[in-house]
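[1] Below is the structure, and that's it, no one-letter string:
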């Protein structure tokens, strides 16, 4: 037991801790996260959960108000504290550090050292592959951010590590299935977009079970599924039940075409801007994005060859396995792992493209690319001269570094102050604020003195012409309110939706009362006193 504790301490000190420190340092180097989603819901949602704002505010974080806030609780607690922003930013880099550690351990478990050349594919190749996995166009720009992608990616790659250790006889089958199931279930619960890699790994899992007898196969699958359901149920179940009991849709407002909540239209609620329109665009994207900066699957321009490299290796391995099957050649344990990686990768890419196609969600694809690239380079070294493998590795690593263009999702410099410190005006007692801007304003509500109720009348969830039942809820709240009413608006322009809102709810704004919102703010915002008719006629 003493040896095991000593080994654990050494693993944490000499393996895990350096990666955590590196993740924090990179996060500080990139700067303080200030992305759109952070200002919209990553700060507001956990604050609302812990301050019982359900029913007090109406949709201040727009459509994203209804996302499970569990994964944002650590950031909220850190940002709401009086810690200097650089400490918060450092700690926000830890999930990426965990992912790097799991990737490093995964590469080490795949290191097929040649007995005659023990350094053939050692430290240098692992460093290069690890850097490749962590510096993709999807991953690098999100280190230290509040998007949650590195948290779920760390869980997913941790599941892959557990399954690989089992195949390498370094972990029991039962322990591997429990670990993988718990990690995948937790990732999906924390962020539903992780359902894509979770589904893909599950589809590919049978390739790791080919050597087990039928009775053991079903037992292991049952353990894996049960572990995943338990972790998912614990982390996501309470929030999904809250959504279902209030809206008859456990993932409200998404997939309402299936669940049919009466409050909103029967639409999916999914962002389909980047989904390819046909098979040609689906298949051509990895090659195109490897060489040309583009916005085909991202709001910001990016370029990255990783999807192409990963797809090439995966397809070569699948074709090789098919040939071996036709020729009745036995599949080695390593070939089973290769098929698992390759099938996971292909299924993940196709599913991701058809469901989301948002590049920010592709971190696991980048990590799997690094794993497959490392294994492929090892194969080259074993089958050819060592110099050939080293030359090819250097060329690939350098090409990936030079061709990759990482988008900036929004950062601001660190200054040692609190994370949020907007100077917001104190409004009269019992005031109510109606937001009429599509800009992200959720992060302002936790900072506003006395926390007046926020009603978001113009958002990506509802406007006077879209999801009007939600507009009726807002109109009724305004009509029933006895105190002062204020409008939070963009001072530069009044959209058609805002004009229609004022007409329907018979709201008159006192322009002379407007108070500008001091920077940092998303746009030129101002808060103005309004005089709504108490019997609005909402169509």
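    Ah, there it is. Predicted model only: the values in this text are computed from it and were never measured.
[2] Let me see the residues that make contact with stretch 301-309.
    132, 136-138, 285-287, 289-295, 349, 359, 362, 365-366, 369-370, 373, 396, 399-400, 403-407 (CB atoms under 8 Å, 6 or more residues apart in numbering). Every residue, glycine included, has its C-beta placed from N, CA and C.
[3] Of all the residues in that stretch, which ones are buried?
    302, 303, 304, 305, 306, 307, 308, 309 (16 or more other CB atoms under 10 Å).
[4] Quick one: end-to-end distance for that stretch.
    20 Å (CA to CA, to the nearest Å).
[5] How far away from the center of its chain is that stretch?
    18 Å (CA atoms, centre = their mean, to the nearest Å).
[6] Stretch 71-88 now?
    Remark: stretch 71-88 is offset 18 Å from the chain centroid, using CA atoms, centre = their mean.
[7] If you count neighbours, what's buried in it?
    71-72, 74-76, 78-80, 83, 85-88.
[8] which one of these is nearest residue 334?
    Taking CB to CB as the measure, residue 334 lies nearest residue 71 of the buried residues of stretch 71-88, at 35.3 Å.
[9] Can you tell me the SS state at residue 531?
    Judged by DSSP: H, G, I helix; E, B strand; the rest coil, the three-state class of residue 531 is strand.
[10] I figured it hits residue 511, correct?
    No - if you go by CB atoms under 8 Å, residue 531 and residue 511 don't touch, sitting 11.9 Å apart.
[11] Show me where the stretch 1-150 of the chain has its helices.
    Using DSSP state H, counting those that start in this stretch, the helices of the stretch 1-150 of the chain run over residues 2-11, 17-30, 36-37, 44-50, 73-80, 85-92, 94-110, 123-134, 149-167.
[12] wait, I meant the stretch 351-500 of the chain
    363-383, 386-403, 468-480, 496-505.
[13] The first one: how far from the chain's middle?
    Counting by CA atoms, centre = their mean, helix 363-383 is centred 24 Å from the centre of its parent chain.
[14] what's the answer for the last one, then?
    Here the centre of helix 496-505 is set off from its chain's centre by 35 Å, with CA atoms, centre = their mean.
[15] Let me know the angle separating that helix from helix 468-480.
    50 degrees (axes from the mean of the first three to the mean of the last three CA atoms, to 10 degrees).
[16] Skip ahead from helix 496-505 and say which helix or strand is next.
    Per DSSP states H and E, the first helix or strand lying C-terminal to helix 496-505 is strand 507-509.
[17] In the sheet, which strands lie alongside that following strand, parallel or antiparallel?
    The strands beside strand 507-509 in its sheet (DSSP bridges) come out as strand 525-532 (antiparallel).
[18] avg pLDDT for the strand it pairs with?
    Averaged across strand 525-532, pLDDT comes to 93.
[19] for that strand, which positions count as buried?
    525, 526, 527, 528, 529, 530, 532.
[20] Out of those, which comes closest to residue 324?
    When the buried residues of strand 525-532 are compared against residue 324 (criterion: CB to CB), the nearest one is residue 525, at 63.0 Å.
[21] what's around the residue lying closest to the closest one once chain neighbours are set aside, how many residues?
    Closest residue to residue 525 apart from its sequence neighbours, by CB to CB, 6 or more residues apart in numbering: residue 517 at 4.1 Å. Residue 517 has 20 neighbours, counted by other CB atoms under 10 Å.
[22] Next: residue 425.
    Neighbours of residue 425 (other CB under 10 Å): 13.
[23] and it, how far is that from residue 515?
    As for residue 425, its distance to residue 515 is 5 Å (criterion: CB to CB, to the nearest Å).
[24] Common neighbours of those two, please.
    Contacts common to residue 425 and residue 515, judged by CB under 8 Å, 6+ apart, are residue 527.
[25] and the nearest residue to residue 100 once chain neighbours are set aside, what is it in contact with?
    Excluding its sequence neighbours, the residue lying closest to residue 100 (CB to CB, 6+ apart) is residue 19, at 4.5 Å. Residue 19 is in contact with 97, 98, 100, 101, 104, counting by CB under 8 Å, 6+ apart.
[26] same deal with residue 198?
    156, 184, 185, 187, 188, 228.
[27] Surely the third one and residue 229 touch.
    Yes - under the criterion of CB under 8 Å, residue 185 lies in contact with residue 229, with a separation of 6.4 Å.
[28] Have a look at those two and say which one is more surrounded.
    Shown here are residue 185 and residue 229; by other CB under 10 Å, residue 185 has more neighbours (27 against 13).
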